[in-house]
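In: I need the structure of the sequence given here:
(2 chains)
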Amino acid sequence: MPADYEHIISIRGLVNRFGPQVVHDHLELDVRRDEILGVVGGSGTGKSVLLRSILGLHGPNEGTIEVMGQTIRHHQPGPHKKWGVLFQGGALLSGLTVQENVELPIALHSNLPVATRRELAVLKIFMVGLDLTAAAKYPNELSGGMRKRASLARALALEPKVLFLDEPTAGLDPISATEFDRLVSYLHQNLDLTIVMITHDVDTLFSVCDRVAVLVNKGIIVDTLDEIVKHPDPWIQDYFGDPRAVRARRAAIAKVKI
Amino acid sequence: MLDLAAVDTFLTLEKQNGLLQISLRDNWVFANVAKLQELLDQIVPEPGTSVRFSCGGLKELDLAGAWALYEKSMDFEEIEVQTDFEGFKAAHFKFLQHIIDIAAQKEYVPGFFDQKPNHWVHDGIRKLGSNTIDAVDSVGFIARAVLDGIKRPSRLVIGEVIRQIHATGTSAIPIVMVVCFLMGVVLAFQSARQLEQFGANIFMVDLVANSIFRELGVLLAAIMVAGRSGSAFAAALGTMKLTEEIDALRVLGLNPNQILIIPRVVGLMIALPLLTVFANIAGLLGGAFIGATVLDINWFSFTERLALSIQVNDVLVGLSKAPVFAFLISVTGTLRGMQVKGSAEELGRLTTVAVVQSIFLIIVADSIFTVIYSRIGF
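Out: Sure, this is the predicted structure:
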């Protein structure tokens, strides 16, 4: 096990091109241990491409990506047991119940007896705030928020060190979204987790994230929230100058004061 | 019972007057859980004693490891053995606290962890009943959709019908003709083998022409179309159902039964008879080809014999079946597609059902036709 890595994820000189269109131009990014990094950017700035590159689902044109000291190669096995991914739509297997979905990675990567497998899966399902009634259901019988939770339980099934969340609160109503944000913070506090999340939700950004990475000008700007709102880039100014962002920021500051 | 002095990688045991001290070491993580459980199960303290888990030596603990520990402590409590934990680092402790939090909300849901009893007779009867209800239900569904579709036809339907005729008919011509040509070849060979014994080779023409015109041309065309288009209908409509396109159409004020089902049904009912004509021609060509090249029946004598052996009604028998088969294929395909709900697996299952059922229905319908036509001497 390559334990001697400085950063959980380190990206060097990443270039992604689609025909003449350059999405990432020598992008560099380090994700620190135990932080929650929010990735934002306008549409078409390559948030998803970045995530897919890190996961080895997309082959970048140039550059190296290391996750926990392991170099990621396109369509090659990555550190499956040490990362968990929550895809945007949940991506639960529709032919299996929630319980079976969560059990699947455990069954694939261990030789535990069935009873233990089951117990561990149920543990994860409880952890994300679902109950046994939900565990016995098929994904299409669940609401959007429950599906996200179930998918999160599957992502956590193998005790990952790093968790990727793709738009975790997209498509949820504000109350469910806030609950989901709380769940993410709760899990982060209680597990040794590094979390990388792509999000559009400024509330999530201000209430959960330690640092923010903004994709602008084919590169990336990473800083704490307090610093990044002062950045002169016009897109950043637009984004954080938006009334909703201002409100979210005020709410976050107010919370800190209390 | 483990030897108390045994030193293992994961734990050491130490007994001091009534207190069993278990010192945990190394990595208590997911990868080792199987081994850890096995180890813990071997520890059986006497009732009335107490157990202390000492965690100072732990390198790493994760949720699965913490769970194994917690489960064991619960087991000990059950046999009245006091347990306590000491020497946790903050990071370790929060896992355990977390598990305890979660265990507090765990409640019993009947049937979730129990094996379900297996009553095969009971299940069989119930399945039979539900399948019957399903079958009746689909017949009703079909009738309602078709009637609903033809109520107030819209202009959109015509263009869509033409597109369907192209997709299901025109583009199927090559494959249907090849299959029928080969069937003609096979029939010619097989019948010639029998007729040779009587020196009546020329009657091969009667056999080939009759079976192609009355039965095989239309049957083969229908089966090819069921495999090609029946599955396409079910898969296309099923996907549209899954992606809520059908709901979108309804909200836009378009009747999906009319826009999606009727064009496919009408289109195929026009396309299949035409396809049958091509199938018949190809079958005859196959027979004639073998006649000319192998059996000494030249093209001229083939056509001469053909004119004697075939009446108009033989051709009509075949063609009259085509619209009925087309109706069966398109209705089964589209309605199975419309019945898809929920999962991708369901889509696959119903596509298979569509093809198998439409071929089955074609053959059933064909046998009914044959009985009726032979009774009325058509």
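
In: Can you tell me the SS state at A:A91?
Out: Each residue gets one of three states, and A:A91 gets coil by DSSP: H, G, I helix; E, B strand; the rest coil.

In: Look at it and report its pLDDT.
Out: Note for A:A91: predicted pLDDT of 83.

In: Please apply the same query to B:N201.
Out: Looking at B:N201, its pLDDT is 82.

In: how far away is it from B:F213?
Out: 20 Å (Cβ to Cβ, to the nearest Å). Backbone N, C-alpha and C define where each C-beta goes, glycine included.

In: which one of these two has more residues nearby?
Out: Applying other Cβ atoms under 10 Å in any protein chain shown to B:N201 and B:F213 shows that B:F213 carries more neighbours, namely 26 against 15.

In: didn't that one look like it was pressed against B:D314?
Out: Yes: using Cβ atoms under 8 Å, B:F213 is in contact with B:D314, at 4.7 Å.

In: Need the residues touching each of these two.
Out: Taking Cβ atoms under 8 Å, 6 or more residues apart in numbering or on different chains as the contact rule, B:F213 and B:D314 touch no residue in common.

In: any weak-confidence spans in the stretch 51-200 of chain B?
Out: Of all residues in the stretch 51-200 of chain B, those with pLDDT under 70 make up the ranges B:89-95, B:103-117.

In: what ranges do the strands span in it?
Out: Chain-ordered strands for the stretch 51-200 of chain B, with DSSP state E, counting those that start in this stretch as the definition, fall at B:58-61, B:82-86.

In: With just CA atoms, put the first one into CSV.
Out: Translated: strand B:58-61. The C-alpha trace of strand B:58-61 is given here as CSV (Å, rounded to 0.1, in the frame of the first residue of the first chain):
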residue,chain,number,x,y,z
LEU,B,58,-4.6,0.2,17.6
LYS,B,59,-3.1,1.5,14.4
GLU,B,60,-6.3,2.0,12.4
LEU,B,61,-10.0,1.5,13.1
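
In: Show me what counts as buried in that strand.
Out: Under the neighbour-count criterion of 16 or more other Cβ atoms under 10 Å in any protein chain shown, strand B:58-61 has B:L58, B:L61 buried.

In: Report all helices and strands that it contacts.
Out: With contacts taken as 3 or more Cβ pairs under 8 Å, 6 or more residues apart in numbering or on different chains; DSSP states H and E, strand B:58-61 sits against strand B:26-28, helix B:90-104.

In: Is there contact, residue-wise, from the shortest one to chain A?
Out: No: against chain A, strand B:26-28 shows no contacts by Cβ under 8 Å from any Cβ of the partner chain, the least distance being 10.3 Å.

In: Only the buried residues of that strand, if you could.
Out: Burial within strand B:26-28, assessed by neighbour count using 16+ other Cβ under 10 Å, is assigned to B:N27, B:W28.

In: strand partners of that strand, parallel vs antiparallel please.
Out: The strands that strand B:26-28 pairs with in its sheet are strand B:58-61 (parallel) (by DSSP bridges).

In: which phi and psi does B:G18 have?
Out: Taking degrees, to the nearest 10, you get phi 80, psi 0 for the backbone angles of B:G18.

In: try the one 4 residues further on
Out: Listed backbone geometry of B:I22 is phi -110, psi 110, with angles given as degrees, to the nearest 10.

In: Next, count neighbours for it.
Out: When counting by other Cβ under 10 Å, one arrives at 22 neighbours for B:I22.

In: if I read this right, it contacts B:L13, doesn't it?
Out: Yes: shown here, B:I22 and B:L13 form a contact pair, counting by Cβ under 8 Å, at 5.8 Å.

In: got any residues that touch both of those two?
Out: In the contact map built from Cβ under 8 Å, 6+ apart, the residues linked to both B:I22 and B:L13 are B:I43.

In: so the residue in the stretch 1-150 of chain A that chain B sits nearest to, which of the three states?
Out: Per Cβ to the nearest Cβ, the residue of the stretch 1-150 of chain A with the smallest distance to chain B is A:S94, at 3.3 Å. Under the three-state scheme (three-state DSSP), A:S94 adopts coil.

In: Tell me which residues touch the residue of chain B found nearest chain A, please.
Out: Distances between chain B and chain A by Cβ to the nearest Cβ are smallest at B:S343, namely 3.3 Å. When contacts are counted by Cβ under 8 Å, 6+ apart, B:S343 is found next to A:S94, A:G95, A:Y138, A:P139, A:N140.

In: buried ones in the helix-or-strand element of chain A with minimal mean pLDDT?
Out: Within chain A, judged by mean pLDDT, DSSP states H and E, the helix or strand with the poorest mean is helix A:243-257; its value is a mean of 76. Across helix A:243-257, burial judged by 16+ other Cβ under 10 Å covers A:A245, A:A248, A:R249, A:A252.

In: ok, now stretch A:161-175?
Out: Neighbour counts using 16+ other Cβ under 10 Å place A:K161, A:V162, A:L163, A:F164, A:L165, A:D166, A:E167, A:P168, A:T169, A:A170, A:L172 of stretch A:161-175 among the buried residues.

In: ok so, going back, of all pairs in the contacts of B:S343, which one is the farthest apart?
Out: In those, two members sit farther apart than any others by Cβ to Cβ. They are A:G95 and A:N140, at 10.2 Å.

In: CA-only coordinates of the helix or strand that contains B:R305, as CSV, when you get a sec.
Out: B:R305 belongs to helix B:299-309 when assigned by DSSP states H and E. What follows is helix B:299-309, C-alpha atoms only, in CSV (Å, rounded to 0.1, in the frame of the first residue of the first chain):
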residue,chain,number,x,y,z
TRP,B,299,-37.0,-21.6,-66.3
PHE,B,300,-39.6,-22.0,-69.1
SER,B,301,-41.0,-25.3,-67.9
PHE,B,302,-41.0,-24.0,-64.3
THR,B,303,-43.2,-21.0,-65.3
GLU,B,304,-45.4,-23.1,-67.4
ARG,B,305,-46.0,-25.6,-64.5
LEU,B,306,-46.4,-22.7,-62.1
ALA,B,307,-49.3,-21.2,-64.2
LEU,B,308,-51.1,-24.6,-64.1
SER,B,309,-50.6,-25.3,-60.4
